[in-house]
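Enquirer: Fold the following and give me the result.
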Amino acid sequence: MNLIGAGNKGEARWSNVMGSAVIRAIGFFCFWLVLTRGDPADLGPGLIAAAAATWASLKLLPVEQWGFRPIKFAGFVRHFLHQSIVAGVDVALRALHPRLPLQPGFVAYQAQLPPGRKRNTFCAIMSLMPGTLPCGTSTDGSLAIHCLDVTQPVVEQLSMEETLCMGALGSARSDA
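Expert: Next up, the predicted model:
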């Protein structure tokens, strides 16, 4: 990891690393305070534990440039909540109504994001949507998606969701 971030897209700059380290350290220290109920005798060990946890987290999960866009993110959250309600009602109707089609199976989705954290973030969000569940990667690199009705335009919907999700998180397909 080049801490200066001189050239590669997605590479973290020194200021981003320091900002992330401060946020992580504060989070770990607050977690320590919760665990120890804020006992003043545990503040010293808590600072040491937070520093060690911060160092380990930066080694295990290095900072990555995302370019978060708050307004697009708010729009995505609104879209996600709406889609979750619509899809949840659809899944419930299909599961409970004997005449509505339920044709479960797998579809292959060729994600535009390369394997890594950004694709994993998209898969995690996709797994929260009723009726679809990413189940792994096939030999050709496409994602295996379990869905409740393979006759629906699942691939087109996933493509739209990927575009919206990564636009909100600041990782357009072109810079992935």
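Enquirer: Only C-alpha atoms from now on, for both contacts and neighbour counts.
Expert: Fine.
Enquirer: Look at the residue with the largest distance to the centre of the chain and give its secondary structure.
Expert: Farthest-out residue of the chain from its mean C-alpha position, per C-alpha atoms, centre = their mean: A41, at 37.5 Å. Three-state call for A41 (DSSP: H, G, I helix; E, B strand; the rest coil): helix.
Enquirer: what do you get for F106?
Expert: Assigned by three-state DSSP, the conformation of F106 is strand.
Enquirer: what about the residue nearest to it when sequence neighbours are not counted, which helix or strand?
Expert: In space, and not counting its chain neighbours, F106 is closest to H146: 4.5 Å by C-alpha to C-alpha, 6 or more residues apart in numbering. Taking DSSP states H and E as the criterion, H146 maps to strand 143-147.
Enquirer: Which secondary structure elements does that strand sit against?
Expert: strand 105-109, strand 132-137 (3 or more C-alpha pairs under 8 Å, 6 or more residues apart in numbering; DSSP states H and E).
Enquirer: who's in contact with it?
Expert: Residues from elsewhere that reach strand 143-147, judged by C-alpha atoms under 8 Å, 6 or more residues apart in numbering: 104-111, 131-138, 154.
Enquirer: quick revisit: out of the helices and strands packed on strand 143-147, the one nearest R117 is which?
Expert: strand 132-137 (14.5 Å; C-alpha to C-alpha).
Enquirer: what is the orientation angle of that closest one with strand 105-109?
Expert: Interaxial angle, strand 132-137 versus strand 105-109 (axes from the mean of the first three to the mean of the last three C-alpha atoms, to 10 degrees): 70 degrees.
Enquirer: what packs against strand 132-137?
Expert: By 3+ C-alpha pairs under 8 Å, 6+ apart, strand 132-137 packs against helix 117-127, strand 143-147.
Enquirer: averaging pLDDT over each of those, which comes out lowest?
Expert: The weakest mean pLDDT among those belongs to helix 117-127, with a mean of 84.
Enquirer: Any of the contacts of strand 143-147 buried? List them.
Expert: Buried by 16 or more other C-alpha atoms under 10 Å: 106-111, 131-134, 154, out of the contacts of strand 143-147.
Enquirer: Closest to T163 out of these?
Expert: For the buried ones among the contacts of strand 143-147, with T163 as the reference and C-alpha to C-alpha as the criterion, the closest is A111, at 10.0 Å.
Enquirer: Looks to me like the closest one is in a helix.
Expert: No: counting by three-state DSSP, A111 is not found in a helix; it is coil.
Enquirer: which non-adjacent residue is nearest it?
Expert: S142 (6.5 Å).
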